[in-house]
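# Give me a model of this one.
(one chain, ligands or ions: 1)
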Amino acid sequence: MAQRKLPQREKPSMDDRTGALLEVLSERRSLLVLTHANPDPDSLASAMGLRHLAERRFGMKTEFGFAGRIMRAENREMVRRCGIGMTPQEKVEPDAWDCLAVVDTQPGFGHTHLPTGRAIDIVVDHHVPPTGPGSEVRAAFHDVRTDVGATSSMVGGYLLDTGVDIPRPLATALLYGIRTDTGDMSRNVSDLDRRVHEHVQRLADFAVLHKIHKPALPADYFRTLRVALNNVRIYDDLILCSLGRVSSPEMVAEVADLLLRCEGKQTVFCGGLCGSVYYVSLRTELSRDAYDLLRQALDGDGSFGGHGALAGGFIALPDDDERTLRRFERKLERNILAAVGRSDITVGGLGGVQE
Ligand SMILES: [Mn+2]
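Numbering: from 1, shown residues only. This is a model prediction of the structure:
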């Protein structure tokens, strides 16, 4: 499909960007939105918001294709309560859509699986652009702002600029997306985040937001938690928790978040095996980027994403043998200790220094 080249501007204003997005959308009939695997609240709300804009402003047919799974009880509650429609990506035919958008991620990120040989028309993201193969894609509309705390704020900004109504469920989703990525407006908060946050919180349903914050948890959550607490190793300002086998991958991130609340701890690394895929979550309050730490921990292997204080990913192990698992967990722990400059700590077996 012929794509009109947009004029290159040094520093487009917000209105210019929204205008450029509307120009691209106005030339198309249907929109497929994709994001990274295992979509988080920010990507779910961004996809919902961009679809709404295309539908309301241009009467476009739209779809949201997701890869992986909706992890965490909170995110599943968000999908259910806000009515976020989506289709598994493998069931979506990319060529049936004449506009392809990618939100909260960019082509070239390891955790983002895009159709090959298909032009990406719209990229909206706030992550530092990836380097390497597949990252040189140039979209008709390309809006990457690393100073913005949430992609939901960027999409919310388009909606506000355009004057399209924001229904309650969408406002609630955008609010939750912004709050999740900005730590309840405590980090990476830009003027745009503040502007959109202020607007959507006037429209949002706080009873629904409360339900999203406190979803019912399966009994298995508490079983895994018991195992997790038995496996925690605390070293000064660092916590390592290798969970071994877990019944669902989201437990890894859940446990990491919980452990970060341990007084005085600045970095938490948590991992667990589900099937023969090993999942990792890293949380850090150090000035170092969580994504960089995780890349070092995994030796650049696997599929991972994140920025700032949070990162997560997974890597397929050759088998789910107990010895493979133990060996892999020891290697990961050594790598993470090296990455945070604590190679003095011995890991593995009973040799670890425990508090
Ligand atoms: Mn995000």
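
# now the strands for the protein?
Using DSSP state E, the strands found in the chain span residues 30-34, 61-66, 87-88, 99-103, 122-125, 141-144, 232-235, 238-245, 267-274, 277-284, 303-307, 310-316.

# So what's the residue count around Asn231?
The local packing of Asn231 (other CB atoms under 10 Å) involves 16 other residues. Yep, even glycine has a C-beta here, placed from its N, CA and C like the rest.

# same thing with Leu159?
If you count neighbours by other CB under 10 Å, Leu159 ends up with 24.

# ok and the residue in the stretch 201-350 of the chain nearest the ion?
Per CB to the ion, His307 is where the stretch 201-350 of the chain lies closest to the ion, at 7.8 Å.

# Near that residue, how many other residues are there?
His307, neighbours per other CB under 10 Å, totals 16.

# For Glu250, give me its contacts.
Met71, Arg72, Ala73 (CB atoms under 8 Å, 6 or more residues apart in numbering).

# one more time with 7 Å
Applying CB atoms under 7 Å, 6 or more residues apart in numbering to Glu250 gives the contacts Met71, Arg72.

# For the stretch 1-150 of the chain, which residues are neighbours of the ion?
Within the stretch 1-150 of the chain, the residues that sit near the ion (CB under 5 Å from the ion) are Asp42, Asp104.

# in the stretch 1-150 of the chain, what spans have low per-residue confidence?
Scanning the stretch 1-150 of the chain for pLDDT under 70 picks out the ranges 1-15.

# and the residue of it nearest the ion?
Closest residue of the stretch 1-150 of the chain to the ion, CB to the ion: Asp42 (3.4 Å).

# Confirm for me that that residue is in contact with Arg179.
No. Look at Asp42 against Arg179 with CB atoms under 7 Å: they stay out of range, at 9.5 Å.

# quick one: Arg342 and Ala20, what's the gap?
Going from Arg342 to Ala20 by CB to CB, to the nearest Å gives 47 Å.

# Between the two, tell me which one has more neighbours.
Legend: neighbour count by other CB under 10 Å for Arg342 and Ala20, higher for Ala20 (18 against 15).

# I'd say that one and Phe141 touch.
Yes. Counting by CB under 7 Å, Phe141 is a contact partner of Ala20 at 5.7 Å.

# which residues of the stretch 51-200 of the chain fall in helices?
Along the stretch 51-200 of the chain, counting by DSSP state H, counting those that start in this stretch, helices occupy 73-82, 151-162, 168-181, 191-203.

# who wins for proximity to Asn230 among those?
helix 73-82 (22.3 Å; CB to CB).

# how big is the angle separating the closest one from strand 61-66?
160 degrees (axes from the mean of the first three to the mean of the last three CA atoms, to 10 degrees).

# hmm, back to that, so which of the helices of the stretch 51-200 of the chain is nearest Met60?
For Met60, the closest of these is helix 151-162, at 13.5 Å, according to CB to CB.

# Run the angle between that closest one and helix 168-181 for me.
Using the same axes, to 10 degrees: helix 151-162 against helix 168-181 is 140 degrees.

# Only alpha carbons, please: show stretch 198-214 as PDB.
C-alpha atoms of stretch 198-214 as PDB (Å, rounded to 0.1, in the frame of the first residue of the first chain):
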ATOM      1  CA  GLU A 198      -6.500  14.900  35.600                       C
ATOM      2  CA  HIS A 199      -9.000  14.600  32.700                       C
ATOM      3  CA  VAL A 200      -9.700  10.800  32.900                       C
ATOM      4  CA  GLN A 201     -10.000  10.700  36.700                       C
ATOM      5  CA  ARG A 202     -13.000  13.000  36.400                       C
ATOM      6  CA  LEU A 203     -14.600  10.400  34.100                       C
ATOM      7  CA  ALA A 204     -13.400   7.200  35.600                       C
ATOM      8  CA  ASP A 205     -15.400   4.700  37.700                       C
ATOM      9  CA  PHE A 206     -13.700   4.500  41.000                       C
ATOM     10  CA  ALA A 207     -15.700   1.500  42.200                       C
ATOM     11  CA  VAL A 208     -14.400  -0.400  39.200                       C
ATOM     12  CA  LEU A 209     -10.900   0.800  39.800                       C
ATOM     13  CA  HIS A 210     -11.100  -0.400  43.400                       C
ATOM     14  CA  LYS A 211     -12.200  -3.900  42.200                       C
ATOM     15  CA  ILE A 212      -9.300  -3.900  39.800                       C
ATOM     16  CA  HIS A 213      -6.900  -3.100  42.600                       C
ATOM     17  CA  LYS A 214      -8.200  -5.900  44.800                       C
END
